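S.K.: Pasted the sequence and its predicted model underneath.
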Protein chains: 2
Amino acid sequence: MSNIQTPIPEKTIERLSEYRRTLIACSRRGITHVFSHILAGMHGITAVQVRRDLMLIGFSSDTKKGYDVRVLIDFIDSILYSENTMKVAVIGMGHLGQAITKYFNSKELNIRITAAFDIDEAKIGQTIMDIPCYDVKDFEEVVSNNDISIVIISLPSSLAAQYAVPIINAGIKGVLNFTSVPLNFPQGIVVENFDITTILEKVAYFVKAAEENNNQ
Amino acid sequence: MSNIQTPIPEKTIERLSEYRRTLIACSRRGITHVFSHILAGMHGITAVQVRRDLMLIGFSSDTKKGYDVRVLIDFIDSILYSENTMKVAVIGMGHLGQAITKYFNSKELNIRITAAFDIDEAKIGQTIMDIPCYDVKDFEEVVSNNDISIVIISLPSSLAAQYAVPIINAGIKGVLNFTSVPLNFPQGIVVENFDITTILEKVAYFVKAAEENNNQ
């Protein structure tokens, strides 16, 4: 376990998560050591950035051969993960909920999606993408019985707001909201509002701006 | 059309996209005017931020009654959108590709997903979520015949890298990459690498950090 007391900046956490996946891919291909500039190149960033991130979490490297891949993976794990598997629920088991569950649970992670919730009678009581799908009415009970601490909201946007109170009551500590309705929660609950529309509109805007620039 | 010459900051573009959706929802409920602090409250930000964003795009308000909702929607449209509909293709029509297409095309936007690509014989030649699904081998031809400028990559991560060259050759200007493999493109192509795993790991980290803080 690490001795870091203060939370690490969000962007560093994102990069650590990305380094980790790259390192696992390296390890699978039999690569035992990697230099900071190689790791940087694979992520389109500078070696200085990589070294700064690793310094921030207190990792120091063998500079002659580069970073020991396995040791660095374990070190990042100790920063990112709890010792126990963190359990996640998905509310809304439509295409998006299923895609996220399949994608996420196929990875080598210490975070698992263990329960789904839906309002569709055809889904309730079924096993979908290898996890049980419950009636959303039973949300609070299932969450507390199964030690779930994070919820992913992949419902139609119009339904999202009604689940804020059950989420708070159930003692959920982290929310990943994929609807276009930004949800506000009391302090102490970590929320990441992530709207796919916003991201696509942003890409479209910068494409448009570049085209207009070219036409001038 | 606006006369803005320099691109607006990314975060402002994201917020404009979000304001726009809130304003459309207001308009549907018959609300004709909205004050900056009301709009701010709906997004969990300050009124100063809202006013700063709108000042940046050159929008000035009627301060007595607040912003005219319809006028502000049209103004944001002129900033975010081309006069012509921007066309988007999806590579990978699995659960994620289908979820994105359904979700995105159900919205009132000037950006449309008009074509899908897959390697699955069962999908090629079919209409899925109301759009045609083509063989990914025909990517360059379909893109140029249909005036598509943006691509969404919703493939398994292991397949993503092989589509970088076809995307460049096809003249695509914007890429939204949902795989966990960060893709680098030449300058002139806008890329947004968006990995769901990274976001979930980030939420998990901050949940863990908060718990450790409480236990001290």
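M.R.: Looks like it came in fine. Since we're looking at a predicted model, the values are computed, not measured.

S.K.: For chain A, just list every one of the strands.
M.R.: A:33-34, A:67-68, A:86-91, A:111-118, A:127-128, A:131-135, A:148-153, A:174-177, A:190-193 (DSSP state E).

S.K.: Let me have those in TSV, extended by mean pLDDT, mean neighbour count and distance to chain B.
M.R.: C-betas here are computed from N, CA, C, even on glycine. Shown next, in TSV, are the strands of chain A (pLDDT from 0 to 100; neighbours: other CB atoms under 10 Å in any protein chain shown; distance: least, CB to the nearest CB, whole Å):
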stretch	mean pLDDT	mean neighbour count	distance to chain B
strand A:33-34	92	20	16
strand A:67-68	92	22	19
strand A:86-91	95	25	5
strand A:111-118	95	23	5
strand A:127-128	96	12	11
strand A:131-135	97	19	14
strand A:148-153	95	24	6
strand A:174-177	94	24	4
strand A:190-193	88	19	4
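
S.K.: Mind putting those strands into CSV with distance to residue B:78?
M.R.: Below are the strands of chain A laid out as CSV (distance: least, CB to CB, whole Å):
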stretch, distance to residue B:78
strand A:33-34, 48
strand A:67-68, 49
strand A:86-91, 36
strand A:111-118, 40
strand A:127-128, 43
strand A:131-135, 44
strand A:148-153, 32
strand A:174-177, 29
strand A:190-193, 26
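
S.K.: could you check the distance from residue A:199 over to chain B?
M.R.: 6 Å (CB to the nearest CB, to the nearest Å).

S.K.: May I ask you to confirm that that residue is in contact with residue B:178?
M.R.: No - the pair residue A:199 / residue B:178 is not scored as a contact, 9.5 Å apart, by CB atoms under 8 Å.

S.K.: check contacts around residue A:125.
M.R.: Counting by CB atoms under 8 Å, 6 or more residues apart in numbering or on different chains, residue A:125 makes contact with A:133, A:134.

S.K.: Tell me how far it lies from residue A:105.
M.R.: Applying CB to CB, to the nearest Å, the value for residue A:125 to residue A:105 is 20 Å.

S.K.: For residue A:51, which non-adjacent residue is closest in space?
M.R.: residue A:36 (5.1 Å; CB to CB, 6 or more residues apart in numbering or on different chains).

S.K.: Can you give me the neighbour number for the closest residue in space to residue A:82 that isn't next to it in sequence?
M.R.: Distance criterion CB to CB, 6+ apart; nearest residue to residue A:82, sequence neighbours excluded, is residue B:208 at 5.1 Å. By the measure other CB atoms under 10 Å in any protein chain shown, the count of residues near residue B:208 is 22.

S.K.: Next up, the contacts around residue B:208.
M.R.: A:80, A:81, A:82, A:86.

S.K.: Closest one of the residues you listed to residue A:172?
M.R.: Residue A:172 lies nearest to residue A:86 out of these, by CB to CB, at 11.8 Å.

S.K.: Hmm, residue A:151 and the closest one touching each other?
M.R.: No - assessed by CB under 8 Å, residue A:86 is found out of contact with residue A:151, at 11.8 Å.

S.K.: Now do the shared contacts for residue A:199 and residue B:178.
M.R.: The contact sets of residue A:199 and residue B:178 overlap at residue B:194 (CB under 8 Å, 6+ apart).

S.K.: Give me the more crowded residue out of those two.
M.R.: When neighbours are counted by other CB under 10 Å, residue A:199 and residue B:178 differ, and residue B:178 comes out ahead with 24 against 17.

S.K.: Could you find the closest non-adjacent residue to the more buried one?
M.R.: residue B:154 (4.9 Å).

S.K.: how near is that neighbour to residue A:139?
M.R.: Taking CB to CB, one finds residue B:154 at 28 Å from residue A:139.

S.K.: what does residue A:56 give?
M.R.: According to CB to CB, residue A:56 and residue A:139 sit 37 Å apart.

S.K.: Of the two, which one has the most company?
M.R.: Taking neighbours as other CB under 10 Å, residue A:56 and residue A:139 compare with residue A:139 leading, 22 against 14.
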